[in-house]
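# need a 3D model of the following:
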Amino acid sequence: MNLEAVHAYFTQLQGQIVEGLEALDGRKFCSDSWTRAEGGGGLSRLIEEGALFERGGVSFSRVQGASLPAAATASRPQLAGCAYDAMGVSLVLHPRNPYCPTVHMNVRCFAAGGLWWFGGGMDLTPYYGFDEDARHFHATCKQALAPFGAERHARYKRWCDEYFFLKHRNEPRGVGGIFFDDLNEPDFDACFALVRSVGDRFLTAYAPIIERRRGLRYGEREREFQAYRRGRYVEFNLVYDRGTLFGLQSGGRTEAILMSLPPRVAWRYDWRPQPGSAEEKLYTDFLQPREWV
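Residues are numbered from 1 along each chain as shown. Model (predicted):
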């Protein structure tokens with residue numbers, strides 16, 4: 001188990017992704033470093049009101065403590081009270097143009113009680129659906145996992161579909177991608193290699209979609225629908241997301257944990273899509289579970 005090698009990769013990955021996103025937007029991310037009294041700290045890279053991204057964040061954190069919080073021990077009660085070392089890179093990007101999808105990616109490593117495990121994945125949340133975009137995103141996710149077993153993509157895609165689902169709304173957050181957790185077999189090096197393969201393909205999965213859609217014209221109707229759908233994104237992150245719960249329970253920096261929240265959101269009590277509209281199609285067709293590749 002070489003946690004320092006993981007730390008080095010995660011910080012390199014953060015810089016690589018930020019550099020690629022800056023090239024897309026044309027504006028620099030700002031940096032905000034922080035430390036934690038109990039142990040650890042991190043670096044948040046942020047962009048607001050860019051040419052492309054209305055808000056985006058790419059954060060690295062490494063948090064150490066004397067006792068795991070409840071969010072981490074719910075499925076591992078034997079580790080309650082154990083010291084821990086948790087680190088990862090997490091990003092969320094909210095483009096201004098409603099035809100450009102929101103995206104999330106996370107890669108992480110935990111160590112506690114002599115045990116270790118990896119987790120991560122990436123998923124796409126479009127406001128208006130384009131089959132070409134979803135197929136590209138899922139195909140890139142599949143390519144990232146291909147060296148590690150032919151069956152792995154189908155399993156991690158299904159896991160993503162099940163995890164990023166708003167049970168109280170009975171609807172998916174987006175079109176999914178891949179999600180995995182508790183990865184600790186066959187050995188540390190193999191698991192670390194899989195996580196690197198996922199992290200290294202993020203820009204390949206997302207940048208071509210942004211390039212295709214960033215120039216599409218939109219109006220207030222599209223922005224209103226985007227704000228409405230962003231409300232679902234906020235609901236998931238605050239109610240279900242395990243990373244958010246772990247960060248808040250472990251005493252991480254609140255601003256860094258909640259950087260995933262979009263700047264413009266709306267909740268409408270009685271909204272319904274117009275029959276035959278692009279908004280209705282998102283619900284009745286595009287968000288329905290399917291095999292994209």
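# what helix or strand does the closest residue to Arg169 other than its chain neighbours sit in?
Among residues not flanking Arg169 along the chain, Arg232 sits closest, at 6.6 Å (Cβ to Cβ, 6 or more residues apart in numbering). The C-beta positions use only the backbone N, C-alpha and C, and glycine is treated the same way. Of the helices and strands defined by DSSP states H and E, Arg232 is found in helix 220-239.
# name the residues of that helix that are buried.
For helix 220-239, a neighbour-count test (16 or more other Cβ atoms under 10 Å) marks 222-230, 232-233, 235-237 as buried.
# just the CA trace of that helix, in CSV.
C-alpha atoms of helix 220-239 as CSV (Å, rounded to 0.1, in the frame of the first residue of the first chain):
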residue,chain,number,x,y,z
GLU,A,220,-34.7,32.3,-21.3
ARG,A,221,-36.8,29.2,-21.7
GLU,A,222,-33.8,26.9,-21.9
ARG,A,223,-32.2,28.7,-19.0
GLU,A,224,-35.3,28.3,-16.9
PHE,A,225,-35.4,24.6,-17.6
GLN,A,226,-31.7,24.3,-16.8
ALA,A,227,-32.3,26.0,-13.4
TYR,A,228,-35.2,23.6,-12.7
ARG,A,229,-33.2,20.5,-13.5
ARG,A,230,-30.3,21.8,-11.5
GLY,A,231,-32.6,21.7,-8.5
ARG,A,232,-32.7,18.0,-8.9
TYR,A,233,-28.9,18.0,-8.8
VAL,A,234,-28.9,19.9,-5.6
GLU,A,235,-31.5,17.6,-4.0
PHE,A,236,-29.3,14.5,-4.8
ASN,A,237,-26.1,16.0,-3.5
LEU,A,238,-27.6,17.2,-0.2
VAL,A,239,-29.8,14.1,0.5
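# turn the buried residues of helix 220-239 into TSV, columns for pLDDT.
Formatted as TSV, these follow (pLDDT from 0 to 100):
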residue	pLDDT
Glu222	96
Arg223	96
Glu224	95
Phe225	95
Gln226	96
Ala227	95
Tyr228	94
Arg229	94
Arg230	94
Arg232	91
Tyr233	90
Glu235	91
Phe236	89
Asn237	86
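# quick one: contacts for Val89?
10, 13-14, 17, 58-60, 105-108, 199 (Cβ atoms under 8 Å, 6 or more residues apart in numbering).
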